[in-house]
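Student: how would this look folded up:
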Amino acid sequence: MTPSLDLFIFSDALGWKLAEERQFLSDLLPHRSPCETLLGYSCTCDPAILTGTLPPQNGHFSSFIYSPSTSPFQWARYLAWIPERLIGHHRIRSFISRKCASFMGITGYFQLYAVPFSKLHFFDYTEKKDIYLPGGINGGQEVIFTLWDRLGIPWYRSDWRAGDARNVVAMKNVLTEGKVRCAYLFTGGLDAAMHAHTTHGPEVDKAFSQLEQWIRELHQIAAKNYHEVRIHLFSDHGMTDTAAGSDMLKRFESLNLKFGEDYAAVWDSTMARFWCLKPGVQEKISLWLAQQKEGSILSKAQLEKWSCYFPDGRYGDLIFLLKPGTIFVPSHMSRHKVPAMHGFAPEDPTSTACWLSSHPTEAPRRIEQIYHVMRAAAEKVAQHTS
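Tutor: Next comes the predicted model:
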């Protein structure tokens, strides 16, 4: 039998609060602790987990940035005449997104979401390369799998594109062979279920039950082929039920500022990011935002505290964050209200990520520290096999 296995299971949006409320796998994974997340979405959090670095270092924070000179979406001008109610349908958008990714050679996670085609040519996309592969991180940092490879240990990583069921089957086959010493399983089922149904209810219960069954099956298979099996389950952030929708995007138009001349903006689900292109515009927008009760402008000090301040303003000169439970409806991410969302203040209890392990480790207090646990596990294997 192989001496040991460290199986790292990433569960998108499995928050600490939800894990504890459900006592999710508390018998198998008794070593449990909250894990502080970052402001933003998976495109912020996942690069931090994979590299152990923060957004200002690795360059990843949100999907779209104002950069008309480097925008790969100039073609969108020719579709701007089509009514958004037609071309904005999520299935049509997903189809166009797949075609765009293929045509533009984008290998990372890519979605056009609901960014209007009339505005798309003002923006560049920040995750053009697969962040799980060498060279995929904007800041040039090495991802954990490159380190595992460099250490010379046998390892395996699932395919984030393949879907949970296929990834679990592939992992079962790998563990049956009993050769790898470190493995990484990507799962996104909980995130999808909660976005669609809120954080509770029959569909979400089903998603939790399915994930639990898969993990127990993986543990049983591994236990037959390894002397010691260490399972570490973690997330990038939690999930928050949507209590209200804000129509700020529509109300903002009352300022009569011209997009692309006076300002540019991306309305993410929970935050709006503004680039001010003319003198006096930032003051005008700031004054209007300060009067909106749904949230607040993030100061430089707050952004620095949350490790997402970019001195060059690439992700916006102004960032307005909504209160937990409120999302923009419509936004550039969705034209409709989504039952649950993440991307709120990291301190909010529903935002906190989790670390659940079968064995005691130096538990990560922040999500970027998960990288160091994965590194230490691999280095331990390398030391004993050298």
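Student: Start from the N-terminal end of the stretch 251-386 of the chain and give the strands.
Tutor: Ranges of strands within the stretch 251-386 of the chain are 263-267, 271-276, 295-297, 318-322, 326-328, 340-341, 353-357, based on DSSP state E, counting those that start in this stretch.
Student: of all the ones you listed, which lies closest to Arg98?
Tutor: With C-beta to C-beta as the criterion, Arg98 lies closest to strand 263-267 of the strands of the stretch 251-386 of the chain, at 21.5 Å. (Glycine included, C-beta is placed from N, CA and C.)
Student: and the closest one, what does it pack onto?
Tutor: When contacts are defined as 3 or more C-beta pairs under 8 Å, 6 or more residues apart in numbering; DSSP states H and E, strand 263-267 sits against strand 64-66, helix 248-252, strand 271-276.
Student: Format those as JSON lines; extra columns: distance to Asp130.
Tutor: Listed next are the helices and strands packed on strand 263-267 as JSON lines, based on distance: least, C-beta to C-beta, whole Å:
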{"stretch": "strand 64-66", "distance to Asp130": "18"}
{"stretch": "helix 248-252", "distance to Asp130": "31"}
{"stretch": "strand 271-276", "distance to Asp130": "24"}
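Student: Which of the ones you listed sits closest to Ala80?
Tutor: Of the helices and strands packed on strand 263-267, nearest to Ala80 by C-beta to C-beta is strand 64-66, at 16.5 Å.
Student: Tell me which residue is most central in the protein.
Tutor: Note on the chain: the residue nearest the mean C-alpha position is Ser42, at 0.5 Å, using C-alpha atoms, centre = their mean.
Student: pretty sure that residue is touching Asp236, no?
Tutor: Yes: assessed by C-beta atoms under 8 Å, Ser42 is found in contact with Asp236 at 5.7 Å.
Student: list the residues that contact both of these two?
Tutor: Asp12 (C-beta atoms under 8 Å, 6 or more residues apart in numbering).
Student: Number of residues surrounding Gln23?
Tutor: Other residues near Gln23 number 9, with proximity taken as other C-beta atoms under 10 Å.
Student: what's the spacing between it and Phe208?
Tutor: 11 Å (C-beta to C-beta, to the nearest Å).
Student: and what of Trp275?
Tutor: 41 Å.
Student: As a check, name the ranges of all helices in the stretch 101-250 of the chain.
Tutor: Using DSSP state H, counting those that start in this stretch, the helices of the stretch 101-250 of the chain run over 144-151, 164-177, 189-197, 202-225, 248-252.
Student: Would you format those as CSV with mean pLDDT, distance to Met104 and mean neighbour count included?
Tutor: Shown next, in CSV, are the helices of the stretch 101-250 of the chain (pLDDT from 0 to 100; distance: least, C-beta to C-beta, whole Å; neighbours: other C-beta atoms under 10 Å):
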stretch, mean pLDDT, distance to Met104, mean neighbour count
helix 144-151, 97, 25, 19
helix 164-177, 98, 26, 17
helix 189-197, 98, 25, 21
helix 202-225, 98, 33, 16
helix 248-252, 96, 27, 15
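Student: Out of those, flag the one nearest Trp81.
Tutor: Shortest separation from Trp81 across these is recorded for helix 248-252, at 21.1 Å, computed as C-beta to C-beta.
Student: what helices or strands is that closest one leaning on?
Tutor: Under the contact rule (3+ C-beta pairs under 8 Å, 6+ apart), helix 248-252 is packed against strand 263-267.
Student: Touching the strand it packs on from outside, list them.
Tutor: Under the contact criterion C-beta under 8 Å, 6+ apart, strand 263-267 has outside partners 62, 64-66, 115, 119, 122-123, 248-249, 252, 257, 259, 272-278, 281, 285, 316, 328, 330-333.
Student: Same check on stretch 122-131?
Tutor: Residues contacting stretch 122-131 (C-beta under 8 Å, 6+ apart): 43, 46-47, 50, 59-68, 70-73, 104-110, 115, 135-138, 143, 259-260, 264, 266.
Student: number of nearby residues for Ala377?
Tutor: Residues near Ala377, counting by other C-beta under 10 Å, number 23.
Student: any idea how far Phe10 is from the nearest residue to Pro364 once chain neighbours are set aside?
Tutor: Leaving aside its chain neighbours, Pro364 sits nearest to Ile370 (4.8 Å; criterion: C-beta to C-beta, 6 or more residues apart in numbering). Ile370 sits 9 Å away from Phe10, taking C-beta to C-beta as the criterion.
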